[in-house]
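Q: coordinates for the following, if possible.
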Amino acid sequence: MTDIIPLANSAAPASQPCKLHPQSMCPAFGSLRILTRIEGSHPVMATDTGCLYGLTFVTHFYGASKSIVAPQLGTAELMSGQVVEGTRAAIDVAAKEPGVRLIPVVSLCVAETAGMPEELLPRKIGDAEVVLVRVPAYAIHSHPEAKDIAVAALLNRLADREGAVREKSVVLLGEVFPADPLLIDSVLRRMGVTETIFLPGRSLDDFRRAGRAGALAPLHPFYKESMNVARTWGMPVVGGAPVGISGTYAWLKSLGSILGLDPALVQQVADEERAKATALVADRPLNGKVMVTGYEGTELAYARMLVEAGADVPYVSTSIGQDPLVLPDELWLKAHGTKEVIYRKALEEDIAAIDRYHPDLVFGTTPLASAAKERGIPAMYFTNQLASRPFFLTGGMAATIEFVAGVLTKGDRYRWMQAFFAE
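A: Model prediction:
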């Protein structure tokens, strides 16, 4: 006879935060954010009514300018097995929109939609490609990683692999500040790169052209599935990103080597960028203890930049999972004074870190920023205050350092407000 273990004995200790689900908005938002912005795309969402309402609200809040078609999937429809039929009907509706060239079908956590058989959906209807994008939150724990799933699905279906490889062209993966592509392209052209393709973007043709590029360079460290697609093509992948002093130098050298560019010219450009970044830090060094947390997936790279600029960053946390692409930044940070790097973080861990390290400035989620302000510590929402600014090369470093330096001077004001409201 099998022993029955009481639930009370099998539960995790109360001090351990639950990490079975993401502490952020539904991860599917990440894929919808990308798919709704592509010109000629008309998304179909296959999920229950509650998820549909929440995700369409958040997606439109973040600037989607088109409607999202969805079948009516309540309890009756799910139980009667009408999911595929309803989804096919929604695809037919989306296909009637003028100019539609892509119909991404986004399936979520509901068992009947998450397991929807792709072979029962049309691959193409009229001029529009139909692409199934599976983003169940129980398998994808952050919205950055859902972006990766969407990009990989589109590359798998749309990329043109016919013809010769354009050896001096590169695909750069990552949602970036509008100025960043111009800055990066300018530097790479000086090295001899003939074409840069930035994904995800608004042009469906960019996904097609990506198939014959000379290399793939993920600017953010969570594009694992997209990298796997590139590797199946035999396309080399450039690790790292042009962030900070050492990161930019190493990335430019690596990219130049993989693309077979003139070594002397690559060295010259890399040296110039390193010299500019070094001079910037010498002119505007940071002084203070900063905590960097968030759910964007770029937290380690930001922390590395701040450490190079002179800040003390004892604690970094992110919602993405541990991955070889993030490991170089983690090792670098730990070698330069960072005591903790947390993946799949929880709010409880971040709040405990505030009380453990007593930082001068906190970047994090909205609830974490509130917790820091209650303690009289300057705090900012990472997504809106850091991730929405230029990030790469010397221009991005200058924008970030100037902003962080200004906020670090606000400590007295925060403590005064804390004392004022405590009276």
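Q: low-confidence regions, this protein specifically.
A: Residue ranges of the chain with pLDDT under 70: 1-16, 18-24, 62-64, 74-75, 77-79, 411, 414, 420-421, 423.
Q: tell me what the helix or strand harbouring Leu182 is packed against?
A: Assigning secondary structure by DSSP states H and E places Leu182 in helix 179-191. Contacting helix 179-191 under the criterion 3 or more CB pairs under 8 Å, 6 or more residues apart in numbering; DSSP states H and E are the following elements: strand 166-173, strand 195-199, helix 245-259, helix 263-283, helix 393-408. Quick note: C-beta positions are derived from backbone N, CA and C, even for glycine.
Q: off-centre distance for the first one?
A: Okay, so that is strand 166-173. 20 Å (CA atoms, centre = their mean, to the nearest Å).
Q: nearest spatial neighbour of Val58, skipping sequence neighbours?
A: Nearest in space to Val58, with sequence neighbours left out and distances taken as CB to CB, 6 or more residues apart in numbering, is Phe29 at 5.4 Å.
Q: wasn't the one you found part of a helix?
A: Yes - counting by DSSP: H, G, I helix; E, B strand; the rest coil, one finds Phe29 located in a helix.
Q: residue contacts, it?
A: Leu55, Val58, Thr59, Tyr62, His143, Ala146 (CB atoms under 8 Å, 6 or more residues apart in numbering).
Q: selecting buried members of those in PyMOL, what would you type?
A: Entered in PyMOL, the line below selects the buried ones among the contacts of Phe29, by 16 or more other CB atoms under 10 Å:
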select buried, resi 55+58+59+143+146
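Q: in helices only, show me the contacts of Phe29.
A: Leu55, Val58, Thr59, His143, Ala146 (DSSP state H).
Q: dump those into a markdown table; add distance to Pro181 as well.
A: Conversion of the ones in helices among the contacts of Phe29 to a markdown table gives the following (distance: CB to CB, whole Å):
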| residue | distance to Pro181 |
| --- | --- |
| Leu55 | 28 |
| Val58 | 25 |
| Thr59 | 23 |
| His143 | 21 |
| Ala146 | 22 |
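Q: from those residues, which is closest to Ala210?
A: Here the nearest of the ones in helices among the contacts of Phe29 to Ala210, counting by CB to CB, is Ala146; it sits at 19.3 Å.
Q: show me where the stretch 51-200 of the chain has strands.
A: 102-107, 124-125, 128-134, 166-173, 195-199 (DSSP state E, counting those that start in this stretch).
Q: what residues does the third one touch?
A: To tie it back to what came earlier, the one meant is strand 128-134. Counting by CB under 8 Å, 6+ apart, 31, 35, 40, 42, 91, 94-95, 100-107, 114, 116, 118, 121-124, 149-150, 153-154, 157-158 sit against strand 128-134.
Q: domain ranges for the chain?
A: Recorded structural domains for the chain (assignment: automatic domain parsing) are 28-141, 166-277, 284-422.
Q: mind putting these into TSV with distance to Pro17?
A: Formatted as TSV, these follow (distance: least, CB to CB, whole Å):
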stretch	distance to Pro17
domain 28-141	14
domain 166-277	21
domain 284-422	4
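Q: show me the contacts for the residue nearest in space to the middle of the chain.
A: In the chain, the residue lying closest to the centroid (CA atoms, centre = their mean) is Pro144, at 3.5 Å. Counting by CB under 8 Å, 6+ apart, Pro144 makes contact with Gly30, His220, Phe222, Tyr295, Glu296, Gly297, Ser319, Ile320.
Q: for the nearest residue to Val266 once chain neighbours are set aside, what are its contacts?
A: By the measure of CB to CB, 6+ apart, the closest residue to Val266 outside its immediate chain neighbours is Gly256, 3.2 Å from it. Gly256 is in contact with Met191, Gly192, Asp262, Pro263, Leu265, Val266, Ala270, counting by CB under 8 Å, 6+ apart.
Q: distance of Pro359 from Glu330?
A: Distance of Pro359 to Glu330, computed by CB to CB, to the nearest Å: 19 Å.
Q: those two - which one has more neighbours?
A: For Pro359 versus Glu330, the count of surrounding residues by other CB atoms under 10 Å is larger for Pro359: 24 against 19.
Q: that one contacts Val292, correct?
A: No - taking CB atoms under 8 Å as the definition, Pro359 is not a contact partner of Val292, at 9.5 Å.
Q: next, show the common contact partners of these two.
A: In contact with both Pro359 and Val292: Tyr315, using CB under 8 Å, 6+ apart.
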